[in-house]
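Enquirer: Model the structure of this input:
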Amino acid sequence: MLPKIGTDSLILSRFEEDFEKIRKFELKKASYQLIIILTHYQMNFNPEILGLIAGTLSCITFVPQIFKTWKSKSVKDISVTSFMIVVTSTLIWLVYGIWKELPSVILTNVVVCISAVIMLFLKWKYSEK
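Expert: So this is what the prediction gives:
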């Protein structure tokens with residue numbers, strides 16, 4: 001179990017300089033606690049957890065646009081080129097993730113690729129012909 005940041009004077013004294021830098025940027029308490037925990041306990045930290053958190057945020061990137069497009073049926077400002085680039089890049093990342101056996105990379109890119117394909121489908125479906 002990880003010690004509480006406020007009660008572990010060794011961690012506080014060890015990272016006092018970093019605390020001051022972080023406080024200058026007025027980050028929230030949880031943010032600098034996470035930074036300290038990650039730097040102090042990096043040997044026990046599985047980076048896949050960070051990858052899954054970042055992947056989750058990447059996965060929801062297109063969700064608002066998909067719902068807005070679906071609801072409004074307006075696709076005139078949707079760039080096919082942009083979404084084709086997204087599909088291509090996520091397929092390449094997917095191959096890389098499979099090759100390196102990185103679940104966060106695989107999962108993220110499958111979901112983002114599907115989201116981009118959905119946007120391309122909506123563009124095709126709602127485009128004026």
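
Enquirer: confidence score at Ser74?
Expert: pLDDT for Ser74: 88.

Enquirer: and it, which of the three is it?
Expert: Judged by DSSP: H, G, I helix; E, B strand; the rest coil, the three-state class of Ser74 is coil.

Enquirer: burial of it, as a residue count?
Expert: Ser74: 11 surrounding residues under other Cβ atoms under 10 Å. C-betas here are computed from N, CA, C, even on glycine.

Enquirer: Tell me the spacing between it and Lys125.
Expert: 12 Å (Cβ to Cβ, to the nearest Å).

Enquirer: following the host helix or strand of Thr69, which helix or strand comes up?
Expert: Assigned by DSSP states H and E, Thr69 belongs to helix 63-72. Downstream of helix 63-72, the first helix or strand assigned by DSSP H and E is helix 80-100.

Enquirer: got the domain boundaries for this structure?
Expert: 5-44, 47-126 (automatic domain parsing).
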